[in-house]
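Q: Kindly generate the corresponding structure for this input.
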Amino acid sequence: MRRRGVGVWGTALGLVGLLSACASAEQGTAVAVGPTVGSSLPGSADPSVGGSPGEQPGVDVAAELSEMLPCEILSDEEVTALGFDPESATFDDVGLSYDCVYRLAHEASPLMAIHLNWRRSVDQLNLTNYTVEEIDVGPLRALRIIDKTPSEHCQISVDLSEQAHVSVYVHYAGTVEHACALAEDTAAAVEPLLPRSSG
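A: Below is the predicted model:
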């Protein structure tokens, strides 16, 4: 797999780094869904205390995740199978972001982002104003997170350890159901490639 170009996501998600940097550690981090959309999905940023059941000793999941590049987790073939254009991959590490964003071939939306965070677990996300459902992605615990108000956005956050998680965001998918279906399919493709404790 090859590393994609480094840069800001572009106009649709260009506010992510700015909004993330403005959020406080106590409040969590808002992830912009676009400059013309008022809703946002919870992101992740600062370290704090939390826990994740099932973590086994011997593997530093956070350290392993910090060495990964979000645009290199999925192969071009896997990205294509999910319906997105691998050539559209844009890496963003501005501010608190550490993401890879994909779009459909020749279309502006929907957008799909893979976000790596080795400083917070899913239990440390600020989930105020969101509807949250616990789900499983493979053998891993995860959260399905959507706006309480009607939207076309969905986030799946996969818990890896008391310090680490990976989120998949889908924006502008037409309906929340479609957004969640795309996010869940992507999370399922990403899950086998993520670090986890042995045992």
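
Q: from here on, contacts and neighbour counts on C-alpha atoms
A: Will do.

Q: quick one: buried residues of the top helix by length along the chain?
A: Using DSSP state H, we find that the single longest helix of the chain is helix 176-190. Neighbour-count burial for helix 176-190 flags Val176, His178, Ala179, Cys180, Leu182, Ala183, Glu184, Thr186, Ala187, Ala188, Ala189, Val190 (criterion: 16 or more other CA atoms under 10 Å).

Q: got it, and stretch 119-138?
A: Arg119, Arg120, Ser121, Val122, Asp123, Gln124, Leu125, Asn126, Leu127, Tyr130, Val132, Val137.

Q: what do you get for stretch 104-118?
A: Result for stretch 104-118 [16+ other CA under 10 Å]: buried residues Leu104, Ser109, Pro110, Leu111, Met112, Ala113, Ile114, His115, Leu116, Asn117, Trp118.

Q: Please produce TSV containing those residues, extended by pLDDT and distance to Ala63.
A: Listed next are the buried residues of stretch 104-118 as TSV, based on pLDDT from 0 to 100; distance: CA to CA, whole Å:
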residue	pLDDT	distance to Ala63
Leu104	88	32
Ser109	87	33
Pro110	94	31
Leu111	95	28
Met112	97	25
Ala113	97	21
Ile114	98	18
His115	97	15
Leu116	96	12
Asn117	95	10
Trp118	93	7
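
Q: Which of these sits closest to His165?
A: Asn117 (5.5 Å; CA to CA).

Q: Show me what that closest one is bridged to.
A: As for beta bridges, Asn117 partners with His165 under DSSP bridges.

Q: Surely it touches Ala164?
A: Yes - if you go by CA atoms under 8 Å, Asn117 and Ala164 touch, sitting 5.6 Å apart.

Q: Now for those two: what residues contact both?
A: Common contacts of Asn117 and Ala164 (CA atoms under 8 Å, 6 or more residues apart in numbering): Leu65.
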